[in-house]
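Novice: Quick one: sequence plus predicted model below, questions after.
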Amino acid sequence: MVAIESIFGERIGSAIHESTEIITRINRRYATPKIKLSKGAKFALLFLRLYLIFLVVLLGYKFWTIVHGGA
Amino acid sequence: MDFLSKFYFNYSRIIKTIKIYLLLAGPGLIVMIADNDAGGITTYAATGAKFGYNLIWFLILLGPVAYFVQEMTVRLGAVTKHGHAEAIFSAFGSFWGWFSLLDLSIVNWLTMVTEFIGMTAALSIFSVPPILTVIIVIFVMLGIVMSGRYWTWEKITMAFCLVNLIYIPAAIIIHPSVPDILMAGIIPNFPGGFNGELFFFLMANIGTTIAPWMIFFQQSAVVDKQMKEKDIPWGKFDTIVGAIFTVIVAIFVIVVTGTLLYGMNIESAAQAAQVIMGTHPWVGTLVAIGLFDAGFLGAICIALTNSWAFGEVFGWAHSLNYKVKEAFWFYVYYFIGLITAGAVVLIPGAPLVLITLFVQVVAVTLLPAALVFLIILLNSEEIMGKYKNTLFDNIANITIVVCIIFVSTLYGISTLFPNLFG
């Protein structure tokens, strides 16, 4: 495996390592959701996921129309 | 004598109440008035120019909408002592946490660019070069936060909030017909029938009433102000006062442009100021000053929102009560946000119109999530205890949130596909 330091240099490499460690620590700290979710709350979160997928598809479509010279 | 003593007693009581309010006022007032940012003023100016006084009733309805949403952040902040970003990470886990934090930072940065567009456009009316505006604004904004006291920042920002009321004298100067305003503005009506253009304007006004940064800002400000559960009634009152002010300012902007520019297509508040300057130099000057102030308030609050949110999640010291040395990354993040957003405006040929439109689209990806998280958190007995939503709160809030999600989604889609609604 190629070390990050050999690609980006010593200082940037260690900064990337440090940032990765911080993010891993945050992910570990918040790994489990602390709130007890009711059925309604679970439905709302599912709706949010679907809603975001819908928006991403819409943005992708808009990008596709721009690339192909559309609106 | 009895009358005098009663009068003095009541007078002292009122003065004492006002003093307490002035101590506790801040987050609600600031967030609501900063909501009338450069984009907001542009929306109101364009609405007044297009439809005259006819949509004033709609803006009055939006006051309670803003209050009901923002009031929840007061309770959540005072009870949990956490900002909204931290609350989302803690309650819903890192997936939703990162999504909210990254989306917030993108939408906030883009919004800050629009605030700088507003500020530079406003001051260019007075022949101030954009580079000078950006440099001075950034220095002033740095100076305001570096006092090391939340209280100092809050009171200085509240002074800038007062400048937002400049649209009131601007409207008084032009002597609009009050009966006309009341006749056309108070009774709900859809000028020219309910068509695609009117619908777009209604959506734009709703879109400017609730923005994602407002939720994060007020909750973090409540925490930074160290408000406790016992302060919740004052926090709510502060939010009501702010909501009233925000509606008043919006109405007066509409009165100014509805009187002087009725029937014109206005694309920005700066354009409105410039056109008005030709016939009413004083009014044009006040409109331009108001636009600058709106952009300034928006930028300072949004930059702080980002710093608070990142500070909460990354564990940096994140309070205005800390000196720069004690909360280095908090202030660095604030500074970087402002300087990069300001720099974009100075790039020749930067796609500023595209950025302004893109803000609406990105905001639509975050606003529904932030609102849904707010409702779920406010319904949690274990988090909120006796301060959780009541049945009435839920009926009002869920109705408002569903409507906002629906309308803001349509607004975002119509920004992407402008011909969709005719």
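Specialist: That came through, no problem. Numbering: from 1, shown residues only, chains lettered A, B, ... in the order given.
Novice: Next secondary structure after the helix or strand bottoming out on mean pLDDT in chain A?
Specialist: The helix or strand of chain A with the lowest confidence, counting by mean pLDDT, DSSP states H and E, is helix A:4-8 at a mean of 71. Using DSSP states H and E, the helix or strand that directly follows helix A:4-8 along the chain is helix A:10-29.
Novice: Please see if that following helix touches chain B.
Specialist: Yes. Judged by C-beta under 8 Å from any C-beta of the partner chain, helix A:10-29 comes into contact with chain B through A:Ile22, A:Ile26, A:Asn27, A:Arg29. Bear in mind the C-beta positions are built from the backbone N, C-alpha and C, glycine included.
Novice: Got a quick ChimeraX command for the buried subset of these?
Specialist: One line in ChimeraX is enough to select the buried ones among those; burial here means 16 or more other C-beta atoms under 10 Å in any protein chain shown:
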select /A:26
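Novice: Pipe the residues of helix A:10-29 next to chain B into a markdown table and attach pLDDT and distance to B:Glu381 per row.
Specialist: Below are the residues of helix A:10-29 next to chain B laid out as a markdown table (pLDDT from 0 to 100; distance: C-beta to C-beta, whole Å):
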| residue | pLDDT | distance to B:Glu381 |
| --- | --- | --- |
| A:Ile22 | 89 | 33 |
| A:Ile26 | 90 | 27 |
| A:Asn27 | 91 | 28 |
| A:Arg29 | 90 | 24 |
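Novice: Now do the contacts for B:Leu420.
Specialist: Taking C-beta atoms under 8 Å, 6 or more residues apart in numbering or on different chains, we find B:Leu420 in contact with B:Ile413, B:Ser414.
Novice: how would you label it: helix, strand or coil?
Specialist: Applying DSSP: H, G, I helix; E, B strand; the rest coil to B:Leu420 yields a three-state assignment of coil.
Novice: what about it, distance to B:Gly412?
Specialist: Using C-beta to C-beta, to the nearest Å, one obtains 11 Å as the distance from B:Leu420 to B:Gly412.
Novice: What of B:Gly52?
Specialist: Computed with C-beta to C-beta, the distance linking B:Gly52 and B:Gly412 is 27 Å.
Novice: which parts of chain A sit against chain B?
Specialist: Counting by C-beta under 8 Å from any C-beta, the positions of chain A adjacent to chain B are A:22, A:26-27, A:29-38, A:41, A:44-45, A:47-48, A:51-52, A:55, A:58-59, A:62, A:71.
Novice: Would you mind checking the residues you listed for buried ones?
Specialist: A:26, A:30, A:33, A:35, A:41, A:44-45, A:48, A:51-52, A:55, A:58, A:62.
Novice: Pull the contacting residues for B:Thr259.
Specialist: B:Ala171, B:Ile174, B:Pro176.
Novice: Most neighbours of all the residues you listed, which one?
Specialist: Using other C-beta atoms under 10 Å in any protein chain shown as the neighbour definition, those reach their maximum at B:Ala171, which records 23 neighbours.
Novice: which residues touch the helix or strand hosting that residue?
Specialist: Counting by DSSP H and E, the element that carries B:Ala171 is helix B:167-173. Contacts to helix B:167-173, defined as C-beta under 8 Å, 6+ apart, come from residues B:248-249, B:252-253, B:255-256, B:259, B:280, B:282-283, B:286-287, B:290.
Novice: go on, stretch B:90-99?
Specialist: Contacting residues not belonging to stretch B:90-99 are listed as A:26-27, A:30-35, A:45, A:52, B:82, B:85, B:88-89, B:313, B:369, B:373, B:376-377, B:380, B:383 [C-beta under 8 Å, 6+ apart].
Novice: And the pLDDT for B:Lys228?
Specialist: As predicted, B:Lys228 sits at a pLDDT of 91.
Novice: excluding its backbone neighbours, what's nearest it?
Specialist: Nearest in space to B:Lys228, with sequence neighbours left out and distances taken as C-beta to C-beta, 6 or more residues apart in numbering or on different chains, is B:Ala78 at 6.1 Å.
Novice: roughly how far is stretch A:35-44 from the heart of the chain?
Specialist: Relative to its chain's centre, stretch A:35-44 lies at 22 Å (C-alpha atoms, centre = their mean, to the nearest Å).
Novice: First-to-last residue distance for it?
Specialist: For stretch A:35-44, the first-to-last residue distance is 14 Å (C-alpha to C-alpha, to the nearest Å).
Novice: any weak-confidence spans in chain B?
Specialist: Per-residue confidence of chain B (counting by pLDDT under 70) places the weak regions at B:1, B:357, B:421-422.
Novice: Give the buried residues for the longest helix anywhere in it.
Specialist: Ranked by residue count under DSSP state H, the longest helix found in chain B is helix B:281-314. Within helix B:281-314, the residues that qualify as buried are B:283-314, counting by 16+ other C-beta under 10 Å.
Novice: mind checking how far B:Lys6 is from B:Ser12?
Specialist: Computed as C-beta to C-beta, the B:Lys6 to B:Ser12 distance reads 11 Å.
Novice: can you check A:His68 too?
Specialist: In this structure, A:His68 and B:Ser12 are 73 Å apart, going by C-beta to C-beta.
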